[in-house]
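> using only what follows, build the 3D model:
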Amino acid sequence: MKVFIAFLLLTVCPGLANAANVQQLIQLTDYVGVDYAVAVLDGEIINPGEYGEMQDFSSAIAAQVADLPASDASRQLLAQAAELVRLIENRAQPGEVKALAAAMRQAFISGFDVTVTPRRVPDLQAASALYSQQCVSCHGMNGQGDGPQAASMEPPPTDFTERERYQDRTVLGLYNTITQGLGGTAMQAYPGLDEAQRWSLAFYVGQLATTREEQAVGAAQFDQLAAEHPLTQLDYVATHTPAEVAAAHGEDGLAVMAYLRARPEMFFSTSSGTQLLEFSRIKLGESLAAYRAGDPDAAYELAVEAYLEGFELMEGNINAVDPDLRKEVEAAMTDYRNLLRKGAPVVTAEAGVQHIEGLLKIAVTRLDTTALSGKTAFVSALVILLREGLEALLVVAALAAFLIKTGRHDGLVYIYAGIAAAFVLGIATWVAANTFIDISGAQRELTEGFAALFAAVVLFSVGFWMHSKTSAVQWQAFIETSLQRHLGTGTLWGLAGLSFIAVYREMFEVVLFYQALWLQSSPEGQQMIFSGLLVAAGLLVVLGWLILRYSTRLPLRQFFAVSGIFMFVLAFIFTGKGIAALQEAGQIPLDPINIPSVELLGIYPNMQSTGVQLLLVVAAVVMLYISESGKRKRAG
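Numbers count the residues shown, from 1 in each chain. Prediction:
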């Protein structure tokens, strides 16, 4: 189990450091683009301290870009970073530095998998309270940089109401500064704030320089925008400065920007549950933009994120109101990922995204007009736990029955320890993902996929071992050498590890599914979620009791024979589900074939998962043939 936990940490954490480095590079680049104007004017240094800081930051940017993984995007950024250093050394005009910094920001965003938008609606009211608690001492009550501690700080705290500075800051830049702090200044990082709080605070301070009158004008203009207008896209508003928006869309666009910074909820559906579908739509747009820019790898990763971080968490809710629509969206998103993987023409990819967006709009409408009733919420809650918990129950019940039947009741405590550890770590992982770290959907699926495949290997081995003990000669030898030696402490810890894996691989995702279901349900439905959960838990307990009661009544040799077959079946199921999880994470290709999908048995209509399952069946047949041949020889 220790090996698996170590492996778990390795699958959850990769990519976090690289993403953090890119976010820091975006932050530094934005800072240089904004503050260079304070250091240089008309080719003359007007603030030596600021100018030295610009030199240091531009050199740091160039050095960090050089350490990024090799790609077309990193090579482009390396040239841009060198140009940034040259412009600052030559005391170029602030407009040139600002334009280059803006171009680099967009290159970072399009070339690397970084978070540029909030997952949930920013809460500016809560952010106002956070600002009062965390920021007033430096930035002042109204954000003017005149807090009680401001006089002793060099450089002084930012004045968020300063219009010129407002024009040159992105919400993403503010978010990154809150997240990582800023070296050489009194601005520290705020690791105690979760992701949602940091985004809320970024939008809050990002609108302090605007006026209610400007926001009112922006509201009227926003209502007249076409659906495809850039200012209707959250990622565009979060990653562009007001000055850039004004240059592209005029004074009306500037007013819309002021309105949207103050009202970010306009980007999200009126139903909090369908925010996840809006997230999917945003990520699909980013994916298509990356594909147009000639970066299919980034496009594919964003398409995977669109599915895992958005649609997948709403699958159960959509299935409750329109099962056919759920299947259609899932198939369309799979088809789009295959288009990217196979290098389809851009126009074909565009058509794929348009098709998915149309389906997502239908899904949003269905969900917005159908708050889950009490009955539907009850059934959904019931199905979630039964579907996700059944496999774990079957493994745990089979292991417990084995120990009971062989007289090793003392070994049950190891099974219980594995289950308890899985519950604790599952809840802890969910809390960490919502508070401390950003565990992506891909990392979640990798963990589930590898855990399922590891469990399949163990189940296959245990099943074959059980079958090998069913011949008369082997059975007598097994009994004579005693169960104590065969079931030593090491083996019992192995059973504990298997029960841990079986339960943990489902725990984190179950919590996320219930979270999405809760957000979509009416008050009546939320009460029924608890009822559905309790009934499902009761059914699982009854099923486990039945398995233990009737399986342990079998004669010992028959029990081993039946359990061996059962282990093979579970290994078959876990293999299919493990491959499917890795496909959802984008680690294994998915080539559809024309066979029925039987999710209960882990059978999915694609070449890869079906092929691996067939290989498993062939391996089982060959091993059984060899085993039976050996038995006949020993009997003869």
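> what lies in contact with stretch 585-598?
By C-beta atoms under 8 Å, 6 or more residues apart in numbering, the residues outside stretch 585-598 that reach it are 300-301, 303-304, 308, 334, 337-338, 341, 441-443, 445-446, 449, 579, 582-583, 603-608, 610. Any C-beta I mention is one placed from the backbone N, CA and C, and that applies to glycine too.
> in the stretch 351-500 of the chain, which spans are helices?
374-405, 412-435, 441-468, 472-480, 483-486, 489-520 (DSSP state H, counting those that start in this stretch).
> equivalent analysis for the stretch 201-350 of the chain, please.
212-222, 234-239, 242-262, 275-292, 296-306, 312-321, 323-341, 346-368.
> least reliable of those going by mean pLDDT?
Ranked by mean pLDDT, the helices of the stretch 201-350 of the chain bottom out at helix 312-321, with a mean of 77.
> tell me how far that helix is from the chain's mean position?
17 Å (C-alpha atoms, centre = their mean, to the nearest Å).
> now the angle from it to helix 296-306?
50 degrees (axes from the mean of the first three to the mean of the last three C-alpha atoms, to 10 degrees).
> distance of the closest residue to Leu453 other than its chain neighbours relative to Leu616?
Distances taken as C-beta to C-beta, 6 or more residues apart in numbering place Gly578 nearest to Leu453, at 3.8 Å, with adjacent residues excluded. To Leu616, Gly578 is 11 Å away according to C-beta to C-beta, to the nearest Å.
> any common contacting residues for the two?
Ala456.
> higher neighbour count, those two?
Gly578 (25 against 19; other C-beta atoms under 10 Å).
> thought that one was touching Glu445?
No: assessed by C-beta atoms under 8 Å, Gly578 is found out of contact with Glu445, at 10.0 Å.
> buried stuff in stretch 141-150?
The neighbour-count check on stretch 141-150 (16 or more other C-beta atoms under 10 Å) flags 143-145, 147, 150 as buried.
> one more: stretch 352-360?
352-353, 355-357, 359-360.
> what does stretch 326-344 give?
For stretch 326-344, the neighbour count (16+ other C-beta under 10 Å) marks 326, 328-330, 332-334, 336-341, 344 as buried.
> let me have the residues you listed in CSV, extended by distance to Glu391.
Converted to CSV, the buried residues of stretch 326-344 look like this (distance: C-beta to C-beta, whole Å):
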residue, distance to Glu391
Arg326, 21
Glu328, 26
Val329, 25
Glu330, 20
Ala332, 28
Met333, 24
Thr334, 23
Tyr336, 29
Arg337, 26
Asn338, 28
Leu339, 32
Leu340, 31
Arg341, 29
Ala344, 36
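> quick revisit: check contacts around the residue nearest to Leu453.
448-453, 455-456.
> which helix or strand lies directly C-terminal to the least confident helix or strand in the chain by mean pLDDT?
Sorting the helices and strands of the chain by mean pLDDT, DSSP states H and E puts helix 2-12 at the bottom, at a mean of 43. Using DSSP states H and E, the next helix or strand after helix 2-12 towards the C-terminus is helix 16-39.
> centre of the chain to that next one, how far?
Worked out by C-alpha atoms, centre = their mean, helix 16-39 lies 24 Å from the chain centre.
> now the helix or strand just after it: mean pLDDT?
Past helix 16-39, further along toward the C-terminus, the next helix or strand under DSSP H and E is strand 40-41. The average of the pLDDT scores along strand 40-41 is 92.
> give me the domain ranges for the protein.
Split into domains by automatic domain parsing, the chain comes to 12-111, 272-368, 374-635.
> now those in a markdown table, with distance to Gln133?
A markdown table is the format used below for the domains of the chain (distance: least, C-beta to C-beta, whole Å):
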| stretch | distance to Gln133 |
| --- | --- |
| domain 12-111 | 23 |
| domain 272-368 | 25 |
| domain 374-635 | 17 |
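> give me the three-state assignment for the nearest residue to Ser74 once chain neighbours are set aside.
Closest residue to Ser74 apart from its sequence neighbours, by C-beta to C-beta, 6+ apart: Leu68 at 4.3 Å. Here Leu68 is coil, with the state taken from DSSP: H, G, I helix; E, B strand; the rest coil.
> same thing with Gln76?
Gln76 ends up helix, using three-state DSSP.
> next one: Ile595
Going by three-state DSSP: Ile595 is coil.
> how many neighbours does it have?
Residues lying near Ile595 (other C-beta under 10 Å) number 12.
> with Asp223 instead?
Asp223: 10 neighbours (other C-beta under 10 Å).
> separation between it and Val617?
60 Å.
> ok, the buried residues of stretch 141-150 vs Asp322, which is closest?
When those are compared for distance to Asp322 (C-beta to C-beta), Gly143 comes out closest, at 45.9 Å.
> show me what contacts that closest one?
Counting by C-beta under 8 Å, 6+ apart, Gly143 makes contact with 131, 135, 159-161, 205, 208.
> any chance of JSON lines for those, columns secondary structure and distance to Phe279?
Below are the contacts of Gly143 laid out as JSON lines (DSSP: H, G, I helix; E, B strand; the rest coil; distance: C-beta to C-beta, whole Å):
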{"residue": "Tyr131", "secondary structure": "helix", "distance to Phe279": "26"}
{"residue": "Cys135", "secondary structure": "coil", "distance to Phe279": "28"}
{"residue": "Asp159", "secondary structure": "coil", "distance to Phe279": "33"}
{"residue": "Phe160", "secondary structure": "coil", "distance to Phe279": "27"}
{"residue": "Thr161", "secondary structure": "coil", "distance to Phe279": "31"}
{"residue": "Val205", "secondary structure": "helix", "distance to Phe279": "23"}
{"residue": "Leu208", "secondary structure": "coil", "distance to Phe279": "27"}
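> tell me which two in these are the farthest apart.
Tyr131 and Asp159 (14.2 Å).
> average model confidence for the helix or strand encompassing Gly576?
Using DSSP H and E, Gly576 sits in helix 556-584. Across helix 556-584, the average pLDDT comes to 78.
> tell me the first helix or strand C-terminal of that helix.
Next along the chain after helix 556-584, taking DSSP H and E as the criterion, comes helix 607-635.
> let me see the mean pLDDT of that following helix.
80.
> ok, back up a step: right, and the helices of the stretch 201-350 of the chain - which one's nearest Gln24?
Of all the helices of the stretch 201-350 of the chain, helix 234-239 comes closest under C-beta to C-beta, at 15.7 Å.
> what is the closest one packed up against?
Secondary-structure packing of helix 234-239 (3 or more C-beta pairs under 8 Å, 6 or more residues apart in numbering; DSSP states H and E): helix 94-111, helix 171-180, helix 242-262, helix 275-292.
> contact partners for Leu360?
Contacts of Leu360 (C-beta under 8 Å, 6+ apart): 277, 280-281, 311, 329.
> same thing but 10 Å
Listed by C-beta atoms under 10 Å, 6 or more residues apart in numbering, the contact set of Leu360 reads 274, 277-278, 280-281, 284, 306, 310-311, 314, 318, 325, 329, 332-333.
> does the closest residue to Asp123 other than its chain neighbours belong to a helix, a strand or coil?
Excluding its sequence neighbours, the residue lying closest to Asp123 (C-beta to C-beta, 6+ apart) is Ser200, at 4.9 Å. With three-state DSSP as the basis, Ser200 sits in helix.
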